[in-house]
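> give me coordinates for this.
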Amino acid sequence: MELCSVASIMSLGSLAIQRTHLCSLVFRVLPKLLGFTPSSLKKFCKDVHPPLTETIMGILPELPQDVLMDIFATLEIPDLIRAAAVCPSWQSAYTSLQSLGLYNLSQTPCLLYTSESAGDSSAYLYSLSEKRSYKLTLPDPPIRTRCLIGSSHGWLVTVDERSEMHLVNPITCEQIALPSVITIEQVKPIFDEYGALHKYELSCHTGTCAGYNSPSIFDLDKLRDELHYKAFVFPDTSTGTYMVVLIHNPKQQLSFARVGDDKWTWLPPHDAYQDCTYKDGLLYAVTGFGELHAFDFSSGPVVTVEMILQMRNMYGCGYMYIVQAPWDDLLLIWRICADHDLEPEPGASVFWNTTEYKIYEFDLTRSKLKEIDCLHDHVLFLGHNQSLCLSAEEYPSLKANHVYFTDDNELWTLRWKNDHRDMGILNLDDNSKEEVVSPQLFSNFPAPIWVTPDLRKMDVASRVD
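Residues are numbered from 1 along each chain as shown. Next comes the predicted model:
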């Protein structure tokens, strides 16, 4: 597999684009702007002036900024960043495109993973469309010391060794501190004799139970193994900012915070949540019992909740996901792990393998639920990322009617950190599986996660350096 460094690419002039690659970009984009078809432009180059490609290489940096920006707006992020490294004028066009918010090209999800050989502060981004990895250098604290509990809209949600959470954009290296973990309803700080934070106290109370057991005490780096389950980043149209939703223990409850808030807001009384999605002011959350709840954020400061569906969990060992389908229905998905052994014989390894998915389509307008056995030309991305359903026609490097999945079993991602990861690409036609990348290049901790690259920034006061 070919590797190249995004970190070095982002430094102007540190990587020259190969001439053949640049010409391919030119012939893919420039003809549209000039009114030529690609074949007619190639014929023009061949019949009129054979060295024209060299001429194009010479004149492209002098193209007007608006033309360059139009060209760059059609490139996927790896190509875009490489183009920005060619010369100052191209870098300027890239910067303008980013700062003006004009770059909105949909990106193919990538697999973000770490490797011991790359160092503690580096990660890799594996491109499914290019079948190659790009090395990233990320801000402190080192990425290999963090847990990855979510990925949405280009942002990772990480938990550091003090059990505090940050948003990190692996492409722009922007990092934003989220409200302190001690502002979560069930968490209290314990200070030492000098007034320094020493440990955490975790209460076991929920919205329906006061908690019969005494609170548990955790070291700063151990709370994250018990508290954090999964997190999401959603654009909040009502406020024009972003909202982070956290599924956390005890019993997988919900809390949320808007970027810039100084505390987490608890959403009682329900629990056992496993996945969420957000649309038009409504947060849809599914539980491991098959319930679908809708939280209404559009009616002012008070968030209301309603159960809109109750399914029967017929599948035992597995997880549930909720996905916003491109045709506006919701998909409710059971991940079934029939092949597992959590109490192996001495000398054997613990394992947990996904064997199939059961998919249900829920029509919100008619409140109708039906099982479907085929996604036709669509694909799913499931794991600790925000669950996605994409069109294989719009993303031609993806395989239709397949599920791209990573391991999100909390025993693996937070506790048994060095065990094998249950991840791959599953064909819904016959439940056959293949590896995402072979041979395995990634470390098992932090667990690999799907991320959709995004260049957009968040302008908030809580940004950290």
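> state the helix or strand in which the residue nearest in space to the middle of the chain lies.
The structure's the chain has its C-alpha centroid closest to Ser151; by CA atoms, centre = their mean the separation is 2.7 Å. In this assignment (DSSP states H and E), Ser151 forms part of strand 147-152.
> rounded mean pLDDT for the helix or strand just after that strand, please.
Per DSSP H and E, the first helix or strand lying C-terminal to strand 147-152 is strand 155-159. Mean pLDDT, strand 155-159: 97.
> by contact count, what packs against strand 155-159?
strand 147-152, strand 165-168, strand 228-236 (3 or more CB pairs under 8 Å, 6 or more residues apart in numbering; DSSP states H and E). No exception for glycine: its C-beta is placed from N, CA and C like everyone else's.
> most tightly packed of these?
Comparing the helices and strands packed on strand 155-159 by mean neighbour count (mean count of other CB atoms under 10 Å), strand 147-152 ranks first with a mean of 26.
> identify the residues contacting that one?
Identification of contacts with strand 147-152 by CB atoms under 8 Å, 6 or more residues apart in numbering yields 112, 156-159, 165, 224, 228-234, 384-386, 413-414, 446-447, 449-452.
> how much space separates the residue nearest to Thr355 when sequence neighbours are not counted from Cys209?
The shortest distance from Thr355 to any non-neighbouring residue, by CB to CB, 6 or more residues apart in numbering, is to Ala338 (4.5 Å). For Ala338, the distance to Cys209 equals 32 Å [CB to CB, to the nearest Å].
> over to His153?
His153 is 34 Å from Cys209, by CB to CB.
> so for those two, which residue has more residues nearby?
When neighbours are counted by other CB atoms under 10 Å, His153 and Cys209 differ, and His153 comes out ahead with 16 against 12.
> hang on, the more buried one packs against Gln386?
Yes. His153 lies in contact with Gln386 (CB atoms under 8 Å); the separation is 7.5 Å.
> how many residues are close by the nearest residue to Leu254 once chain neighbours are set aside?
Excluding the flanking residues, the one nearest Leu254 by CB to CB, 6+ apart is Leu267, at 4.1 Å. For Leu267, the count of nearby residues is 21 (other CB under 10 Å).
> contacting residues for Leu267?
Gln253, Leu254, Ser255, Phe256, Phe295, Val303, Val305 are the contacts of Leu267 under CB under 8 Å, 6+ apart.
> now, among these, which is nearest to Ile217?
Gln253 (19.8 Å; CB to CB).
> ok, that closest one to Leu220 distance?
For Gln253, the distance to Leu220 - CB to CB - is 22 Å.
> next: Asn431.
43 Å.
> which one of these two has more residues nearby?
Ranked by neighbour count (other CB under 10 Å), Asn431 and Leu220 place Leu220 first, with 18 against 13.
> tell me the pLDDT at the more buried one?
The predicted local confidence for Leu220 is 96.
> skipping its backbone neighbours, what lies nearest it in space?
Closest to Leu220 by CB to CB, 6+ apart is Arg162, at 4.7 Å.
> tell me the contacts of that neighbour?
Applying CB under 8 Å, 6+ apart, the residues near Arg162 are Leu197, Leu220, Asp221.
> now the last one, what's its secondary structure?
Assigned with DSSP: H, G, I helix; E, B strand; the rest coil, Asp221 falls in the coil class.
> and it, how many neighbours does it have?
13.
> cool, the one 5 residues further on as well?
Using other CB under 10 Å as the criterion, Glu226 is surrounded by 18 other residues.
> next one, pLDDT for it please.
At Glu226, pLDDT is 92.
> these two touch, right, it and Ser216?
Yes. Judged on CB under 8 Å, Glu226 makes contact with Ser216 at a distance of 7.3 Å.
> need the overlap of contacts for those two.
Leu202.
> where does the stretch 351-465 of the chain dip in pLDDT?
Across the stretch 351-465 of the chain, residues meeting the criterion (pLDDT under 70) sit at 351, 410-419, 439, 459-465.
> run the last query once more with 90
Along the stretch 351-465 of the chain, segments meeting pLDDT under 90 span 351-356, 365-367, 407-423, 435-447, 455-465.
> helices of that one, residue ranges please.
410 (DSSP state H, counting those that start in this stretch).
> which residue ranges of it form strands?
Here the stretch 351-465 of the chain has its strands, by DSSP state E, counting those that start in this stretch, at 351-353, 356-363, 368-372, 378-382, 388-391, 402-405, 424-427, 433-434, 449-451, 463-464.
> good, wrapping up.
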